[in-house]
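# Quick one, structure for this:
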Amino acid sequence: ARRDAQRAEQEARRQEQARSRQMLLDAFAATLASADGNGIKHALTHFRADWEAARPAAHDPVDPLEMRANDLQRQAHRRLDELRRDTRRSRLELLAQRAALAERVEAAALAGGPIEKVAAEAQLAWNALPPLPADIDCLLLQRFGAAGGVTRADLASGQETREALLLDLEIALGLPSPERCATARRERQVERLQKRFDGSSAQGFEPEALLARCYATAAPPDAAFDRRIEAIVRLLAEQAVAESGNSAQRKHA
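Next up is the predicted model:
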């Protein structure tokens, strides 16, 4: 009778522990379905601690609850990666949106007609966009402010400048450049090396800074430019995930 009582007590404890663990899983799953990035990070940290405390001393790795916990943690990491990727892509797309507004005013100015209405509509759209970091916003604002007085010579000069910036971006990110740019790319690489040997700052070669300068440069619309920029934006968005992982490793170390 004493052994039966002990077995019943142990089984009751196991069932209570299983219910507690299931409640932890349900609460964590609900958070993943509705929380933002900060909420998910907070919930993941607390879930790991609570789950470790609730785990039996001798647990089976193929326990369905344990497998569910591992799956939810993987989901949390995937969701955080998606949010980081989307956040950076949204910020980079803001550059394109502001540049497009400047381009609209530039096109109206080159058409030779009245541009007041176009400029006013573009200004309203500009004001409605979310803010960017002050230094980047200032660059794009300079282009937008000068858009009404742009000339074809300005755009031709800007196209050359933008082409050089694109090459710097593709070099910095390890992306290929069009075959027609092979000679110019080699020259840009030599120039970059010389600046490093001279002790020049590498800050101007930061990819996001280069991308902002590309968008802040007035130039004619160019489908090839857009395709190259899309490859750059896609890679920068993916790098946001890798950078976060490296930061987490450094913090853990």
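# What is the lowest-mean-pLDDT helix or strand in the chain packed up against?
Least confident helix or strand, the chain: helix 223-252 with a mean of 78, by mean pLDDT, DSSP states H and E. With contacts taken as 3 or more Cβ pairs under 8 Å, 6 or more residues apart in numbering; DSSP states H and E, helix 223-252 sits against helix 64-111, helix 152-173, helix 207-215. Yep, even glycine has a C-beta here, placed from its N, CA and C like the rest.
# nearest to Ala29, of the ones you listed?
Across these, Ala29 has its closest neighbour in helix 64-111 (5.9 Å, Cβ to Cβ).
# And the contacts of the helix or strand just after the closest one?
Using DSSP states H and E, the helix or strand that follows helix 64-111 in sequence is helix 116-128. For helix 116-128, contacts defined as Cβ atoms under 8 Å, 6 or more residues apart in numbering pick out Arg98, Leu101, Ala102, Arg104, Val105, Ala108, Phe144, Ala147, Gly148.
# The same query, at a cut-off of 10 Å, please.
The set of residues external to helix 116-128 that reach it, using Cβ atoms under 10 Å, 6 or more residues apart in numbering, is 97-98, 100-109, 111, 115, 140-141, 144, 147-148.
# Over to stretch 34-44?
27-32, 72-73, 75-77, 79-80, 82-84, 86-87.
# rewinding a little: can you put the helices and strands packed on helix 223-252 in a markdown table and add mean pLDDT, mean neighbour count and distance to Gln17?
Output for the helices and strands packed on helix 223-252, formatted as a markdown table (pLDDT from 0 to 100; neighbours: other Cβ atoms under 10 Å; distance: least, Cβ to Cβ, whole Å):
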| stretch | mean pLDDT | mean neighbour count | distance to Gln17 |
| --- | --- | --- | --- |
| helix 64-111 | 93 | 17 | 10 |
| helix 152-173 | 94 | 17 | 51 |
| helix 207-215 | 93 | 20 | 49 |
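# For Glu187, find the nearest of those helices.
Using Cβ to Cβ, the nearest of the helices and strands packed on helix 223-252 to Glu187 is helix 152-173, at 8.8 Å.
# any idea of the angle the closest one forms with helix 64-111?
160 degrees (axes from the mean of the first three to the mean of the last three Cα atoms, to 10 degrees).
# so what secondary structure elements neighbour helix 152-173?
With contacts taken as 3 or more Cβ pairs under 10 Å, 6 or more residues apart in numbering; DSSP states H and E, helix 152-173 sits against helix 64-111, helix 182-197, helix 207-215, helix 223-252.
# Compile those into JSON lines and extend it with columns for distance to Pro130.
Formatted as JSON lines, the helices and strands packed on helix 152-173 follow (distance: least, Cβ to Cβ, whole Å):
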{"stretch": "helix 64-111", "distance to Pro130": "6"}
{"stretch": "helix 182-197", "distance to Pro130": "33"}
{"stretch": "helix 207-215", "distance to Pro130": "15"}
{"stretch": "helix 223-252", "distance to Pro130": "17"}
